[in-house]
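Asks: Predicted model follows, preceded by the sequence.
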Amino acid sequence: MMLQNPSSKYRAFPPVHLTGRQWPDRAITHPPIWMSTDLRDGNQALIEPMSHDKKLRFFEMLIQIGLKEIEVGFPSASQTDFDFVRKLIDEDRIPEDVTIIVLTQSREELIRRTVDSCVGARRAIVHLYNSVAPVFRKVVFGMTREQITDIAVSGTKLVKQLVKQHPQTEWAFEYTPESFSTTELDFSRHICDAVSEVWQPTPHNKMIVNLPSTVECSTPNVYADQIEWMSRKLARRDSLIISVHPHNDRGTAVASAELAIMAGADRVEGCLFGNGERTGNVDLVTLAMNLYTQGVHPGLDFSDIDAVRQVVEECNQLPVHPRHPYAGDLVFTAFSGSHQDAIKKGFAQQKPNALWEVPYLPIDPADLGRSYDAVIRVNSQSGKGGMAYLLEQEFGLSLPRRLQIEFSRAVQAVADASGREIAAKEIHAIFCSEYFDQTSPYAYSAHKMVEDSSSDEPVQIDITLAHRQASLSLQGGGNGPIDAFVNALGLDIKLMDYHEHAIGSGANAKAACYVELRLANGPTMFGAGIDSNIVTASFKAVLSAVNRQLVRAEQEVAVAG
Ligand SMILES: CC(=O)SCCNC(=O)CCNC(=O)[C@H](O)C(C)(C)COP(=O)(O)OP(=O)(O)OC[C@H]1O[C@@H](n2cnc3c(N)ncnc32)[C@H](O)[C@@H]1OP(=O)(O)O
Ligand SMILES: CC(C)C(=O)C(=O)O
Ligand SMILES: [Mg+2]
């Protein structure tokens, strides 16, 4: 079946007629007021709504993160939701600087129960909503604009009347014209003005007007235009907090929220990792960390993102995608060679407390409590940089560049053959078997430096090797220990390159040596040795290279034969 021509079934979202729009030239310089609706919009979208225990765990984590406004439920929906709000209040679990929000439809019995659920709270926001878009007016309610306005106005009057009966609580009010983004702007303005006319907010006691994209239907710039339009035209603007509540149906909720803030929104409602109805609410983690990467502290603490993710996954019973911004398992991982190379160079050059300049990483993983170890991983798409980085980070082996090139072929062969990721441990095992464990036909046994003042060569050496089950004693002299060792071997060796470094420090320190040499007319090849004695490590490295050359030559003969 072919995808049908959509033009007769769907139509383009109309643009907003807004002259002199301001938002495109603005930048976000401070965080909005954050409101978590994880326990309401998030919860109502779960396959299995949260138990009290889970809600409480989530609530306490939100407080730890730094949320000051938390929508804790829809108390008139169920006894469970009602009892949860009571539990928070009766058990005195709401910190002084945190305000709970409770959502209700604009229906008398539901409003009464909602207000009842909050009695005794230090501060509470009653959140009233009714849907206002043409399709809801026609399909769901069968009502005119006036009748829809009356639902909002009468609900607001009732909330105002009921909360007056409980003056020990500091009450605030939030109104949502649900489906705002698909509603005629003049009608949204009319209904919000009618509601604020009843509530009578003041600059000291503001009312929240929440303008949701209940279903996201346009590009984010259109939503921004809608918010700027409302922000310009609403009555009592200085007494209102304009809030946005983007959903993610088109996958652009984060962009919508960001542009909406530029357009005048003071507050954002969303869920951690974008849980919520259908494709979810806007993701508060992404929004907050996007701000952070622009040098603006979001006022929310995601410095241990994995711990937050664990709680959210357990409570929601939904996994966070491995590619989820900032939090996914794979977002601080590079498999491809050129990325690994650039990241490795970036880390090497990055100075502490300097501007962050590591290519391919928009944020320092450490700012989210993620470790560098996971940044680079190796598979068949990887180059030398990745495996060299892992060997250095995990095993302290710092390979010279040409050895990296040589060794990466061995890793590539394993990755190609297996078709899967090669873990750091495996890379180390491949390195050991390719280099450190190359002890045949020659294996180092012992050496002794010999004083011989009669010789022209400053260093004299006695060596003992194992060679094909036999013990071999050899002597030689040279300019230094390696030269003497090579001369003692009596093979046609041309030493091309030599590197050494320490691994660790103190009594447990070891030395790693890498030599590149040519044997007879063979190609140049590396060998590597490791030992607590640096001279021994260099001898082992020479033997490793010699053995590799000899094994290779034997294999060539076998293939030719
Ligand atoms: C965009 C959002 O996320 S909005 C929040 C949605 N969340 C939820 O609905 C979760 C909790 N809800 C519930 O548990 C139930 O809906 C309840 C208990 C609140 C109400 O249940 P019910 O009384 O069975 O009504 P139901 O939810 O089916 O609503 C339909 C009725 O309410 C009316 N209605 C719907 N929304 C509203 C509203 N905001 N204000 C006033 N009336 C409304 C409808 O017109 C319809 O009326 P009708 O029965 O006369 O046709
Ligand atoms: C009730 C409102 C705030 C809502 O969830 C929506 O419009 O998406
Ligand atoms: Mg919603």
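Replies: Happy to help now that I have it. Nothing here was measured: the structure is a model prediction, and the numbers come from that model. Ligands and ions are numbered 1, 2, ... in the order given.
Asks: Residue numbers of the protein in contact with ligand 2?
Replies: 41, 103, 129, 176, 178, 210, 212, 214, 245, 247 (C-beta under 6 Å from any ligand atom). The way it works is simple: take the backbone N, C-alpha and C, and place the C-beta from them, glycine included.
Asks: who wins for most neighbours among those residues?
Replies: Note: the member of the residues of the chain next to ligand 2 with the most neighbours is residue 245, at 28 neighbours, neighbours being other C-beta atoms under 10 Å.
Asks: Could you list every helix and strand in contact with the helix or strand encompassing that residue?
Replies: Assigned by DSSP states H and E, residue 245 falls within strand 240-246. For strand 240-246, the helices and strands in contact under the criterion 3 or more C-beta pairs under 8 Å, 6 or more residues apart in numbering; DSSP states H and E are strand 33-36, strand 207-213, helix 220-233, helix 253-262, strand 267-270.
Asks: any chance of those in a markdown table, with mean pLDDT and distance to ligand 1 too?
Replies: Rendered in a markdown table, the data for the helices and strands packed on strand 240-246 read as follows (pLDDT from 0 to 100; distance: least, C-beta to the nearest ligand atom, whole Å):
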| stretch | mean pLDDT | distance to ligand 1 |
| --- | --- | --- |
| strand 33-36 | 99 | 14 |
| strand 207-213 | 99 | 7 |
| helix 220-233 | 98 | 16 |
| helix 253-262 | 98 | 14 |
| strand 267-270 | 99 | 11 |
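Asks: ok, back up a step: how about the residues of the chain next to ligand 2, which pair is most distant?
Replies: Pairwise distances across these peak at 15.2 Å for 103 and 247 (criterion: C-beta to C-beta).
Asks: re the thing from before, output the helices and strands packed on strand 240-246 in JSON lines, with distance to residue 148 appended to each entry.
Replies: Listed next are the helices and strands packed on strand 240-246 as JSON lines, based on distance: least, C-beta to C-beta, whole Å:
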{"stretch": "strand 33-36", "distance to residue 148": "25"}
{"stretch": "strand 207-213", "distance to residue 148": "16"}
{"stretch": "helix 220-233", "distance to residue 148": "17"}
{"stretch": "helix 253-262", "distance to residue 148": "24"}
{"stretch": "strand 267-270", "distance to residue 148": "22"}
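Asks: mind checking which of those is nearest residue 115?
Replies: That would be strand 207-213 among those, by C-beta to C-beta, at 16.2 Å.
Asks: which other residues reach that closest one?
Replies: The set of residues external to strand 207-213 that reach it, using C-beta atoms under 8 Å, 6 or more residues apart in numbering, is 125, 127, 129, 172-181, 188, 192, 195-196, 199, 201, 223, 226-227, 230, 234, 239-247, 249, 253, 256, 265, 267, 269.
Asks: tilt between that strand and helix 220-233?
Replies: With axes from the mean of the first three to the mean of the last three C-alpha atoms, to 10 degrees applied, the angle from strand 207-213 to helix 220-233 works out at 160 degrees.
Asks: now strand 207-213: how far from the chain's centre is it?
Replies: Computed by C-alpha atoms, centre = their mean, to the nearest Å, the chain-centroid distance of strand 207-213 equals 29 Å.
Asks: Okay, buried residues for it please.
Replies: Neighbour counts over strand 207-213 (16 or more other C-beta atoms under 10 Å) mark 207-213 as buried.
Asks: ok so, going back, partners of the strand holding residue 245, with directions?
Replies: strand 207-213 (parallel), strand 267-270 (parallel) (DSSP bridges).
Asks: Enumerate the residues of the stretch 201-350 of the chain near ligand 1.
Replies: Proximity of the stretch 201-350 of the chain to ligand 1 is confined to 214, 277 under the rule C-beta under 6 Å from any ligand atom.
Asks: what bits of this structure have low per-residue confidence?
Replies: Low-confidence segments of the chain, defined by pLDDT under 70, are located at 372-375.
Asks: ok, 50 please
Replies: Scanning the chain for pLDDT under 50 picks out no residues.
Asks: Could you tell me which residues of it lie near ligand 1?
Replies: Taking C-beta under 6 Å from any ligand atom, the part of the chain that reaches ligand 1 is made up of 41, 44, 74, 76-77, 105-107, 110, 129-130, 140-141, 151, 178, 214, 277.
Asks: which one's the longest helix in the chain?
Replies: Using DSSP state H to define each element, the chain has its longest helix at helix 534-560.
Asks: could you say what helices and strands that helix packs with?
Replies: With contacts defined as 3+ C-beta pairs under 8 Å, 6+ apart, the packing partners of helix 534-560 are strand 442-450, helix 481-489, strand 493-503, strand 510-519, strand 524-531.
Asks: Quick one: closest of these to residue 412.
Replies: Going through these one by one, with C-beta to C-beta as the measure, strand 524-531 comes closest at 16.0 Å.
Asks: From the contact counts, what lies against that closest one?
Replies: Based on contacts counted as 3+ C-beta pairs under 8 Å, 6+ apart, the elements that strand 524-531 packs against are helix 401-418, strand 510-519, helix 534-560.
Asks: for those, which one ends up most surrounded?
Replies: With neighbours taken as mean count of other C-beta atoms under 10 Å, the helices and strands packed on strand 524-531 reach their highest mean count in strand 510-519, at a mean of 22.
Asks: and residue 135, that's in a strand?
Replies: No. Under DSSP: H, G, I helix; E, B strand; the rest coil, residue 135 falls outside any strand and is assigned helix.
Asks: what separates the nearest residue to it once chain neighbours are set aside from ligand 1, distance-wise?
Replies: Nearest non-adjacent residue to residue 135, counting by C-beta to C-beta, 6 or more residues apart in numbering: residue 182, 7.1 Å away. As judged by C-beta to the nearest ligand atom, to the nearest Å, residue 182 and ligand 1 stand 12 Å apart.
Asks: cool, and residue 184?
Replies: With C-beta to the nearest ligand atom as the criterion, residue 184 and ligand 1 are 19 Å apart.
Asks: Leaving out chain neighbours, which residue sits closest to the closest residue to ligand 2 within the stretch 401-550 of the chain?
Replies: Of all residues in the stretch 401-550 of the chain, the one sitting closest to ligand 2 is residue 421 (40.1 Å; C-beta to the nearest ligand atom). Spatial nearest neighbour of residue 421, chain neighbours left out: residue 379 (4.8 Å); criterion: C-beta to C-beta, 6+ apart.
Asks: and what of residue 307?
Replies: Distances taken as C-beta to C-beta, 6+ apart place residue 369 nearest to residue 307, at 7.5 Å, with adjacent residues excluded.
Asks: OK, contacts around that neighbour?
Replies: Shown in contact with residue 369 (C-beta under 8 Å, 6+ apart): 303-307.
Asks: Closest to residue 58 out of these?
Replies: In terms of C-beta to C-beta, no member of the contacts of residue 369 lies closer to residue 58 than residue 307, at 12.9 Å.
Asks: Please pick out the residue of the protein most distant from its centre.
Replies: Relative to the C-alpha centroid of the chain, counting by C-alpha atoms, centre = their mean, residue 454 is the outermost residue, at 68.4 Å.
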